[in-house]
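*Asks:* pasted the sequence and its predicted model underneath.
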Amino acid sequence: MKYKLKGLYEFVLNSFFPVRCPYCDIVIDPQRYACGECSKNFPEIPITTYIEGGIRCVAPFLYKDSYAEAVKRFKFNSRAQYAKAFAFALVNALGSSGVDLNFDYITCVPMHKEQRIKRGYNQSQLLARHCAELMQTVYIDALEKFRQNQVQHTLSGAERRKNVKGVYRALNKEKLKDKRVLIIDDIVTTGSTLAECTKILSKSGCGEICCAVVCCAE
Ligand SMILES: [Zn+2]
């Protein structure tokens with residue numbers, strides 16, 4: 001009965017809000033994660049970068065062309081529904097990079113409460129929740145952004161590092177001790193935000209930490 005209701009709910013949802021290919025925004029079969037044309041052009045090899053502290057960060061795409069446009073629509077044009085398809089790309093990228101997918105928890109870069117209310121959602125949290133579902137892992141709110149700061153993309157590298165200091169704090173510390181945690185965000189540029197988040201989690205007693213994002217800046 002539960003599954004029948006879920007099916008009905010999805011049917012109604014898809015009728016009013018059809019599933020779209022995140023990379024070109026055309027309507028696609030709700031069972032698919034991208035249109036045929038965009039799937040054909042996916043990069044074969046994921047990108048691996050290392051942020052401060054030697055933490056591995058994996059991304060399926062570079063932040064350019066249709067991928068950059070897709071992430072912008074996801075963040076600024078109310079395309080929250082892209083989260084599911086992006087999470088699929090993210091989990092695939094982690095798997096093909098040889099990352100052990102056996103995490104204890106999946107979390108995200110948090111958004112300040114006021115900003116979240118304004119946007120209606122935290123795109124990184126949506127991604128993290130879908131990744132947790134795909135990887136059959138537990139999602140946890142491990143961090144909180146308790147202070148507003150300037151928007152990162154308007155700042156230089158040094159300013160970005162300074163801008164993220166003292167704005168995040170750990171939550172659920174007792175659960176995180178010695179655990180393997182995956183932190184999800186939408187984009188990595190200089191890595192300042194992810195570096196600050198991983199530093200806080202490490203100080204809180206987390207074990208191994210890995211990061212994954214949809215796009216990595218060139
Ligand atoms: Zn497409």
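*Replies:* It's in. Numbering: from 1, shown residues only.

*Asks:* who are the neighbours in contact with the spatially closest residue to residue 86 that is not a sequence neighbour?
*Replies:* Using C-beta to C-beta, 6 or more residues apart in numbering and skipping the chain neighbours, the partner closest in space to residue 86 is residue 214 (4.9 Å). For the C-beta atoms, the positions are set from N, CA and C on the backbone; glycine is no exception. Residue 214 sits next to 59-61, 67, 70-71, 74, 86, 89-90, 127, 186-187 when contact means C-beta atoms under 8 Å, 6 or more residues apart in numbering.

*Asks:* just those residues: which are in strands?
*Replies:* 59, 61, 186, 187 (DSSP state E).

*Asks:* tell me how many other residues crowd the second one.
*Replies:* For residue 61, the count of nearby residues is 25 (other C-beta atoms under 10 Å).

*Asks:* phi first, then psi, for residue 79.
*Replies:* Dihedral pair for residue 79: phi -90, psi 60, per degrees, to the nearest 10.

*Asks:* report the contact partners of residue 91.
*Replies:* 101, 131, 134, 135.

*Asks:* so among these, which ones count as buried?
*Replies:* Those of the contacts of residue 91 that meet the buried threshold are 131, 134, 135, by 16 or more other C-beta atoms under 10 Å.

*Asks:* can you pull the contacts of the first one?
*Replies:* Shown in contact with residue 131 (C-beta under 8 Å, 6+ apart): 87, 90, 91, 106, 137, 182, 184, 212.

*Asks:* please enumerate the strands of this structure.
*Replies:* So, for the chain - with DSSP E - the strands run 47-51, 55-59, 61-62, 105-108, 138-139, 143-145, 168-170, 181-188, 209-216.

*Asks:* what about residue 44, how many neighbours?
*Replies:* 5.

*Asks:* how near is it to residue 68?
*Replies:* Using C-beta to C-beta, to the nearest Å, we find residue 44 at a distance of 19 Å from residue 68.

*Asks:* same check, this time on residue 215
*Replies:* 7 Å.

*Asks:* now swap in residue 156 and tell me
*Replies:* Counting by C-beta to C-beta - residue 156 and residue 68 are separated by 20 Å.

*Asks:* of those two, which one has the most company?
*Replies:* Per other C-beta under 10 Å, whichever of residue 156 and residue 68 has more neighbours is residue 68, with 16 against 10.

*Asks:* touching, the more buried one and residue 218? I think so.
*Replies:* No: using C-beta atoms under 8 Å, residue 68 makes no contact with residue 218, being 9.8 Å away.

*Asks:* please export the C-alpha coordinates of stretch 65-79 as CSV.
*Replies:* This file holds the C-alpha atoms of stretch 65-79, laid out as CSV (Å, rounded to 0.1, in the frame of the first residue of the first chain):
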residue,chain,number,x,y,z
ASP,A,65,29.5,25.3,-20.2
SER,A,66,26.2,23.4,-19.6
TYR,A,67,27.4,22.1,-16.2
ALA,A,68,28.0,25.7,-14.9
GLU,A,69,24.6,26.7,-16.3
ALA,A,70,22.9,23.7,-14.7
VAL,A,71,24.3,24.5,-11.2
LYS,A,72,23.3,28.1,-11.6
ARG,A,73,19.7,27.1,-12.4
PHE,A,74,19.8,24.6,-9.5
LYS,A,75,20.8,27.4,-7.1
PHE,A,76,19.1,30.5,-8.4
ASN,A,77,16.2,29.4,-10.6
SER,A,78,14.3,27.1,-8.2
ARG,A,79,15.4,23.9,-10.0
